Structures are given as C-alpha cells and as structure tokens.
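# With the input below, show me the fold.
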Amino acid sequence: MTRQAAARQAAARQAATRRDGPQAGAGRESRDGLREFYENPAVPVASGDARSRRQAVMLARALGPVRSGAPPATVLDIGCGDGSAAAVAAGFLPGHRIVGVDWSQDALRRAAARVPYAVRGELSGGGLPFAAGSADAVLFSEVIEHLVDPDAALDELRRVLRPGGHLMLSTPNLAAWYNRGLLLAGVQPVFSEVSMRGIHGRPGSQVVGHLRLYTARALRGFLPACGFEVVRIAGAPYHDVPRPLRPLDRAACRLPSLASVLLVHARRRRE
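The predicted structure follows:
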C-alpha cells in the first residue's frame with residue numbers, strides 16, 4: 001500500500017530516537033536498517049487513483065465551495081510525495097489552497113509541478129512548519145501504518161488544524177474481506193509484514209514497511225482518544241487485487257468494515 005515520503009522520514013526518525021536499554025547497540029543497527037528502508041526510493045508508494053478520488057470527494061463535500069468574500073480553505077497534504085494525490089484533490093476543490101508537505105527535496109521538486117505550494121516538513125523532530133490552528137483540513141493518505149508513534153503524529157496534526165478542522169485519513173484495512181478468509185486458513189493477512197527483507201506467509205511479493213494495521217473499529221476508538229470526532233468511515237478498493245476479484249473488491253466498499261482501504265473523515269474537537 002501507499003507509503004508517502006513523510007512516512008519514510010517520520011518512521012525512520014521515530015525509530016532513530018527510541019532507546020532499547022541494554023540492547024542499544026543492536027537497536028541502533030536495527031534502526032539504521034529501518035531508516036535505509038524508508039528512504040529507499042525503490043520502495044513502491046502508489047496506491048491507485050480510486051482512493052485519491054474518493055478521498056477528494058469526501059473532502060470537497062466537507063469544505064464546500066469557496067464562499068463569496070470568504071478566504072479559501074487551507075488544505076495540507078502531509079506526505080504528498082510527488083503531488084499526484086494533491087493534484088487529484090485540487091480538481092475537486094477549486095479555489096481552495098492546497099499545500100503539499102514532504103521531507104524529501106526531490107519529492108517536493110516533483111510535487112511543485114502539480115501543486116502551487118510545496119513545503120518541506122516532517123511530523124517528528126521540530127514538527128510541521130505551520131502555526132497552531134492554521135489549517136482547515138489535512139490529507140493523511142496511507143501514512144499512519146508506517147509510523148512507530150502514531151499518537152505523536154496525530155497530536156501534531158491536531159495542533160495544526162483549527163478547531164473543527166477536517167482530517168482525511170486513509171489506511172489499509174486489516175479486516176478486509178479477503179484477510180478474514182486468509183486468517184481462517186492460517187495465512188498471514190495482506191498488508192501485514194513480519195520482515196523488512198522479504199514476504200513470508202502472505203500473498204504478494206513487495207515489502208512496503210507497514211508497522212501498524214487498523215480496522216474500522218480500532219480507528220473509531222483511536223481517533224477520539226487523540227482528540228478527533230469521527231464523522232464518517234468509507235471504503236475504497238485496492239489497486240493490486242487480482243483482476244478477477246476486482247468487482248467483488250469494489251462491492252465490498254459498500255460495507256467499509258470489509259473494504260480493502262479505510263477512508264476516514266474526522267474533525268478536530270472544539271475545546
């Protein structure tokens with residue numbers, strides 16, 4: 001699934017700042033390997049257009065059109081990568097201000113060709129380069145599953161969002177319809193990984209560095225604990241499902257708890 005460049009940086013930095021007590025020497029070697037993996041541009045980051053379009057439609061409905069005399073909304077795409085998802089969103093958000101945010105200068109150069117604003121920033125370290133409450137919405141597309149510390153990441157997103165601001169989060173669904181069948185058969189679920197070096201015990205051949213996986217039920221509990229109100233959870237198909245199964249995968253989106261990808265619309269709680 002998708003892992004945008006901000007996820008690479010955040011996970012690598014979060015891993016690099018952890019302390020492992022008496023195993024610190026071995027821990028440093030492990031963290032160096034994690035950093036190298038997440039910064040490798042050969043690791044696939046594409047998630048397919050279906051998720052981007054569905055997420056953009058959800059955000060457009062939440063923000064509405066730019067009102068006469070009112071300033072446009074500021075939308076931050078955290079982990080924008082090459083800006084392709086932000087460009088899709090821009091097509092549904094005429095008049096609003098979309099800012100791509102990434103830690104990688106190379107990614108930002110490519111994003112600059114697709115979005116009018118591209119800013120360097122990261123979730124860890126000193127945090128995002130935005131004032132508290134300065135964003136009306138945040139796109140957080142398939143980043144959270146790559147983070148060592150998702151709690152701290154959501155704290156930072158909550159900081160930059162205004163009260164009542166929108167969070168559009170997407171992530172693979174651990175309880176996708178095919179994963180339920182795979183588990184019953186004793187097979188490792190799709191999207192999960194037991195090694196950073198290879199695939200073991202599940203379908204597929206690409207290691208993409210998922211550290212955490214979520215269900216719709218887990219997100220309904222986790223996000224409120226981080227200061228967000230869940231407005232809606234929808235589903236999106238997975239671009240790598242075998243072609244004969246794609247109609248079934250699209251049909252599963254009608255019941256988000258079974259969908260391949262979870263699309264969450266949440267709002268920062270008003271204090």
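# Now do the residue nearest to the spatial centre of the chain against Gly201, distance only.
Central residue check for the chain by Cα atoms, centre = their mean: the C-alpha nearest the mean position is that of Glu142, 2.4 Å away. Distance of Glu142 to Gly201, given as Cβ to Cβ, to the nearest Å: 22 Å. All C-beta spots, glycine's among them, are computed from the backbone N, C-alpha and C.
# Number of residues surrounding the closest residue to Pro129 other than its chain neighbours?
Take Pro129 and drop its neighbours on the chain: the residue closest to it by Cβ to Cβ, 6 or more residues apart in numbering is Gly121, 4.8 Å away. For Gly121, the count of nearby residues is 24 (other Cβ atoms under 10 Å).
# Leu123 now?
Leu123 is flanked by 28 other residues according to other Cβ under 10 Å.
# and what of His200?
His200, neighbours per other Cβ under 10 Å, totals 10.
# any idea how far it is from Tyr178?
Applying Cβ to Cβ, the value for His200 to Tyr178 is 18 Å.
# now swap in Arg267 and tell me
Arg267 is 31 Å from Tyr178, by Cβ to Cβ.
# do the same with Pro256
Pro256 is 15 Å from Tyr178, by Cβ to Cβ.
# Ser84 too?
As for Ser84, its distance to Tyr178 is 26 Å (criterion: Cβ to Cβ).
# ok, now Arg220?
22 Å.
# With neighbour numbers in mind, choose between the two.
Neighbours around Arg220 and Tyr178, counted as other Cβ under 10 Å, are more numerous at Tyr178. The numbers are 20 against 14.
# Give the helix, strand or coil label for Leu219.
Following DSSP: H, G, I helix; E, B strand; the rest coil, the label given to Leu219 is helix.
# That one: neighbouring residues, count only.
Using other Cβ under 10 Å, Leu219 has 20 neighbouring residues.
# now it, nearest residue through space, not along the chain?
What sits nearest to Leu219 in space, not counting adjacent residues and going by Cβ to Cβ, 6+ apart, is Val264, at 5.7 Å.
# Give the bridge partners for that neighbour, please.
Under DSSP bridges, the beta-bridge partners of Val264 are Leu169, Ile233.
# Phe228 now?
With DSSP bridges as the rule, Phe228 is bridged to Arg268.
# was I right about it contacting Asp155?
No: Phe228 lies out of contact with Asp155 (Cβ atoms under 8 Å); the separation is 10.8 Å.
# Looking at the two, which is more packed in?
Taking other Cβ under 10 Å, Phe228 and Asp155 do not tie; Phe228 has more neighbours (24 against 14).
# hey, where'd the strands end up in this structure?
Under the criterion DSSP state E, the chain contains strands at 74-78, 97-102, 117-120, 135-141, 161-172, 228-236, 261-268.
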